[in-house]
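S.K.: Just the structure for this:
(2 chains)
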Amino acid sequence: MKKFIFLLLLFIHLPLSVFCGGLQLNLNGQRQLGMGNAGVGLALDAGSIFFNPGALPFSIGKSEILFGTSVALPATSFLAETPSIYLEDMDRIVFTPIYLYACWKPKPTSNWNKLSMGISINNPFGAVSNWPDDWKGKFLTQEFNLNTFFIQPTISYQVNKRVGIGAGFTYGLCNLVVKRAIQPDGPNGTEASAQFSGIGGGLGYNIGLYFRPNDEISIGISYRSSVTMKIDRGTAEFNVPESLADEFKDSHFNTRFTLPQVINAGIGYYPTENLLLAFDLNFIGWSSFDTLDFELEPEIKDFQQYPTRSYVNSFSFRMGLEYTLSEWLWLRGGVYYDVSPIKQGFVHPELPDANSIGLSLGTSIKVLSKLTAELTYVFDFTGERSAIYQPALFGGTYETTSSTFGIGIKYAL
Amino acid sequence: MKHFSTFHVLLVCLIVGSLWIEACQPAIEVPEPYEGELYIDHFIAIGDGYTAGVSNTIYGIENSGLYEKSQETSFPALIANQFNLIRTVPFSQRVVFGEGTGNQALTGVRPTICENASPDLSLKEITGNLPIITPAASLVHNLGVPNLKVGDLSNDTAMLNNPFIQWVSPLENPNYIEAIRHAEPAFFTLWMGMNDILKYGLTGGADSTALPTDYITFGENFRYLLTETLESNPTKIKGLIGNIPDITNFPYFAAIGDLYFNPEDCSKAARPIYIELEEGEVPVLATSEDFVLLPAMPHIGKKASGEPWLLGIDKQRPIPHHWVLDRYEVQVLRHYIDLYNEQIDAAIALASQDHPEPRVVKVNFYSFFHRLSYQMTQDGLAVSNDYLSGGMFSLDGIYLTPRGNAMVANEFIKAINNFPQFSAQIPPINITDYPGIIYP
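M.R.: The predicted structure follows:
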């Protein structure tokens, strides 16, 4: 207990969110995150419900609840195109995606003993990007907030002592808030602004296959489908000078955007009993995210937007290791490389993404026989990326670094 | 227990390390700007009302012409702000306080909801107030003189009658060239000649006292102006010379077009406009080659009191010829501008051939304002020559808004940066920091 409290007390800071891999947050489980976020080929814990539902029967005992959050602050800087010396930083905000996995296996004596089931609630996608209201790119973005909640009831089946399959049905919810300056200027030179906020949802699924040819190696393949988020009748509010109030009446908007399908393949390897090595490859179908277009109802003639995003498919490569120090202590480390889905010419300051490298460290401490505390630290950086958003002719150099602190609890029977 | 202690230490390092990293904002290397071969600490702006900062932007408030607020965002002041990022440079303007020197003002604006229809406006001429004209107390860096023509430079009477020449000079009763020589510019912008053609255009070619300056006089005077400027500080001097835009790109000419759209009823089809080419002649339909001038805008489609005819819509009441720059007059106007620009090119070539080092660079405003008529996008802003919504031109449709001045200043800055012999790198201006038309 003392150890547990002590460790909790050491955690004071709230670090950053990650601007890599587009809108993916990749903060879905401490153990996996500690290993560079590899987990597809592994059967570690209830997190398999998300990483690879096929591994779920091999991942849990009788039942397990896994709950955690990762606290993040992005640190993004922008320097306008040479020879400008205009430098601006994104506002630093706190961002805490969570995960909650609750899984259960029937008794070995039951007729259903080959099944495992569970429910997963997490935030696989999201972004918060706030620039100062009067910054150079204010006509493209001032605030961009996307939160998603995915609820996935899942059922898995252990085919035999080496193979498992699983499938889950995903219901995704999202909350989008976007604010930008718009062109008419008001008295005192204050610009007008438009704010869009809406809630939407979409459906998808998550399927996986897990195969363990022997005690040392495990292989996993999983597929998470794309989820098309539909926001209907979100509110569009305009803050304009009085004389233009009739032209820019508060209105409603619809929008659709598709969060990508993800194909994952992974390997776990135990060279010794205490050491686990993991490798993951993810292919993310970001080409489905083509535009972010707000359809106003009723239409407003002079409202201008830049909806083109034109994301391309991307991939990430992850590897990590976990070392079992004792029956109550584990240490983890990992590295990953995320390729940005945003191609040159379409880097919009709402999501100034770039290829990034991440380094992770983690630990688990079994504080009680059934309770384990899990902690992770990730450092992610992009380096400088010279980028332009061609449709609005806005460009410069972006750089993002981020630190993320993850904390989680596992309660396992 | 031993394991626990080392683990303790590891964990503390982890926390401290992460706190340290978390505190770091990425540090992108900012390029250091530099002036190179230029002497930015003695920058003199030579020109007319565009250089001085004449504008009409603020609705309802009776400021117009040259006034404190418009001078704050004159393009030379904006260029000087950018020079200040390299080191502190002096740049003074003689400020006109109060209502301003007068121009035109909008007393009513109601933008319409129908696409293409003109906003509902009421315009009025305001005389404004000239300040009491005395010699300037000290050197004034912005030598922009409203209404000054290149043609005036050989006409002492015309220069004597322009009070702003005295306004910008500490000398007693100078002519303009004397004022420039006294200022001894080491770096200059020179943008003049618009006024030589502007009055002809503004009066619809109907005013016989407002004829364009003949191009021979223009050429002689321009060469003289340039030579005298370069000789005022021969060892150091370098500068930029703007040429003359096709003023029919300006909304004063381009805003109305040849069709009338009913602002009240979006479903009504566009009607062609009747114009008169000469006084008393049979009215004709306007074509895309004819320009109906901005002062007509509040009156088109309306009845005069006591008469049944709608201005411009009914053949019985065409747009009067002084509110029309017709297809013939447009040809004349454009021809003059082409001739003036040829003279400017010749003057620059002459100045360059006499000197081993290149000292002057042309800034092509003719092509800049032409591009503007097709709309440009910059930093998410759509700027164009559209009246009101284009963001570039002030309410008078002739002079520029702060944003327009910022774009002009950026053209000068780009010309500096792109000229290798200047070896300078001046940071450009964020045009998003400056408003276009300010709506009430």
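
S.K.: who touches stretch A:357-368?
M.R.: The contact list for stretch A:357-368, computed with Cβ atoms under 8 Å, 6 or more residues apart in numbering or on different chains, reads A:1, A:3-4, A:7, A:18, A:20, A:30-31, A:33-37, A:320, A:327-338, A:372-381, A:406, A:410, B:11, B:14. Backbone N, C-alpha and C define where each C-beta goes, glycine included.

S.K.: If any of the residues you listed are buried, give me the PyMOL selection for them.
M.R.: In PyMOL syntax, the buried subset of the contacts of stretch A:357-368 is picked out as below (16 or more other Cβ atoms under 10 Å in any protein chain shown):
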select buried, (chain A and resi 3+4+7+18+20+30+31+33+34+35+36+37+320+329+330+331+332+333+334+335+336+337+338+372+373+374+375+376+377+378+379+380+381+406+410) or (chain B and resi 11+14)
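
S.K.: Against A:I342, how distant is A:G383?
M.R.: Per Cβ to Cβ, to the nearest Å, A:G383 is found 15 Å from A:I342.

S.K.: quick one: which of the two has more around it?
M.R.: For A:G383 versus A:I342, neighbours defined as other Cβ atoms under 10 Å in any protein chain shown are more numerous around A:I342 (24 against 13).

S.K.: Look at the residue in the stretch 251-400 of chain B positioned nearest to chain A and say how many residues are nearby.
M.R.: For the stretch 251-400 of chain B, the residue closest to chain A is B:G380, as judged by Cβ to the nearest Cβ, at 3.3 Å. Counted with other Cβ under 10 Å, residues neighbouring B:G380 total 26.

S.K.: Quick check: pLDDT value at it.
M.R.: pLDDT recorded at B:G380 is 93.

S.K.: what's the pLDDT at the closest residue to it other than its chain neighbours?
M.R.: Nearest residue to B:G380 in three dimensions, chain neighbours excluded: A:F139, at 3.3 Å (Cβ to Cβ, 6 or more residues apart in numbering or on different chains). On pLDDT, A:F139 comes in at 94.

S.K.: The one 4 residues further on too?
M.R.: As predicted, A:E143 sits at a pLDDT of 95.

S.K.: How about the contacts made by it?
M.R.: Here A:E143 is in contact with A:S129, A:N130, A:W131, A:V177, A:V178, A:K179 (Cβ under 8 Å, 6+ apart).

S.K.: Return the member of the residues you listed nearest to chain B.
M.R.: Nearest member of these to chain B, counting by Cβ to the nearest Cβ, is A:W131, at 11.8 Å.

S.K.: So what does the closest one look like in phi/psi?
M.R.: Note on A:W131: backbone dihedrals following degrees, to the nearest 10 are phi -100, psi 160.

S.K.: Return the residues in contact with the residue nearest to B:G47 when sequence neighbours are not counted.
M.R.: Leaving aside its sequence neighbours, B:G47 sits nearest to B:W191 (Cβ to Cβ, 6+ apart; 4.4 Å). Going by Cβ under 8 Å, 6+ apart, B:W191 touches B:I46, B:G47, B:D48, B:Y50, B:T51, B:I241, B:G242, B:V363, B:F365.

S.K.: Now intersect the residues you listed with the strands, please.
M.R.: B:I46, B:G47, B:I241, B:G242, B:V363 (DSSP state E).

S.K.: Can you get me a residue count around the fourth one?
M.R.: Close neighbours of B:G242, defined as other Cβ under 10 Å, add up to 26.

S.K.: Touching, it and B:F188? I think so.
M.R.: No - under the criterion of Cβ atoms under 8 Å, B:G242 is not in contact with B:F188, lying 11.2 Å apart.

S.K.: about what we covered before: now, the most widely separated pair of the contacts of A:E143?
M.R.: Greatest spatial distance in those: A:W131 and A:V177, 14.0 Å, computed using Cβ to Cβ.

S.K.: If you count surrounding residues, which of the two has more?
M.R.: A:W131 (24 against 16).

S.K.: mind listing what that one touches?
M.R.: A:E88, A:M90, A:D91, A:G137, A:K138, A:T141, A:Q142, A:E143, A:P349.

S.K.: just the helices in chain A please.
M.R.: Per DSSP state H, chain A carries helices over the ranges A:2-9, A:30-34, A:48-51, A:56-59.

S.K.: Roughly how far does the residue nearest to B:G380 sit from A:D353?
M.R.: 20 Å.

S.K.: Which parts of the stretch 301-440 of chain B are strands?
M.R.: B:324-325, B:360-363, B:376-378, B:381-383 (DSSP state E, counting those that start in this stretch).

S.K.: helices or strands up against the longest one?
M.R.: What that stands for is strand B:360-363. Here strand B:360-363 touches strand B:238-242, helix B:327-353, helix B:402-418, going by 3 or more Cβ pairs under 8 Å, 6 or more residues apart in numbering or on different chains; DSSP states H and E.

S.K.: how about the last one against chain A, any contact?
M.R.: To tie it back to what came earlier, the one meant is helix B:402-418. Yes - shown here: helix B:402-418 in contact with chain A (Cβ under 8 Å from any Cβ of the partner chain) through B:N417.

S.K.: quick one, that helix and strand B:238-242 angle?
M.R.: Between helix B:402-418 and strand B:238-242, the angle comes out at 130 degrees (axes from the mean of the first three to the mean of the last three Cα atoms, to 10 degrees).

S.K.: From the chain's centroid, how far away is helix B:402-418?
M.R.: Offset of helix B:402-418 from its chain centre (Cα atoms, centre = their mean, to the nearest Å): 11 Å.

S.K.: mind listing what's buried in it?
M.R.: B:402-413, B:415-417.

S.K.: if we can go back for a sec, check the ones in strands among the contacts of B:W191 and tell me the two furthest apart.
M.R.: B:I46 and B:V363 (13.1 Å).

S.K.: what number of residues lie near A:Q261?
M.R.: 18.

S.K.: quick one: it and A:Y223 touch, right?
M.R.: Yes - counting by Cβ under 8 Å, A:Q261 does reach A:Y223; the two are 7.1 Å apart.

S.K.: in chain A, what spans have low per-residue confidence?
M.R.: A:1-22, A:186-190 (pLDDT under 70).

S.K.: how many other residues sit next to residue 41?
M.R.: Picked chain A for this. 27.

S.K.: Can you look at chain B instead?
M.R.: B:D41: 15 neighbours (other Cβ under 10 Å).

S.K.: next one: phi and psi at it?
M.R.: According to degrees, to the nearest 10, B:D41 has phi -80, psi 0.
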